[in-house]
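[1] structure, please.
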Amino acid sequence: MTRTRKPSRQALAVLTALAGADWLYGLELAERTGLKSGSLYPILIRLDERGLLESRWIEPSAPGRPPRHAYHILPGGRQALAEASRPASGRARESLA
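    Predicted structure coming up:
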């Protein structure tokens with residue numbers, strides 16, 4: 001049995017930031033969400049493991065710069081975001097059906 005948890009407020013902030021963009025780097029996500037790296041990167045890892053976002057290394061645009069990790073929301077992440085934004089009463093009725 002797979003147990004799914006409701007995303008935390010911080011995880012929803014990350015998903016919301018990703019929903020409005022194509023690919024974002026960790027620093028861009030930190031700026032958009034206000035999360036510190038010690039909170040942000042564990043959230044990104046969990047969301048990636050749960051299949052809510054994907055990550056990849058992007059080669060630098062300028063020589064001498066290191067590759068950067070970028071993140072992109074997946075359909076499962078959009079669904080989790082939509083479910084979290086629905087009123088609680090709607091979610092309760094669906095679980096009774």
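
[2] so what's the residue nearest the centre of the chain scoring on pLDDT?
    The residue lying closest to the centre of the chain (C-alpha atoms, centre = their mean) is Leu15, at 3.6 Å. As predicted, Leu15 sits at a pLDDT of 96.

[3] do the same with Ser89
    pLDDT for Ser89: 56.

[4] max-length helix in this protein?
    In the chain, assigned by DSSP state H, the helix with the most residues is helix 37-49.

[5] next SSE downstream of it?
    Moving toward the C-terminus from helix 37-49, the next helix or strand (DSSP states H and E) is strand 53-58.

[6] gap between that following strand and the chain center?
    12 Å (C-alpha atoms, centre = their mean, to the nearest Å).

[7] now for that strand, which elements pack on it?
    If you count contacts as 3 or more C-beta pairs under 8 Å, 6 or more residues apart in numbering; DSSP states H and E, strand 53-58 packs onto helix 9-19, helix 37-49, strand 68-73. In this view, the C-beta of every residue, glycine as well, is placed from N, C-alpha and C.

[8] ok, it: who's next to it in the sheet?
    Within its sheet, strand 53-58 is paired with strand 68-73 (antiparallel), according to DSSP bridges.

[9] all good on my end, thank you.
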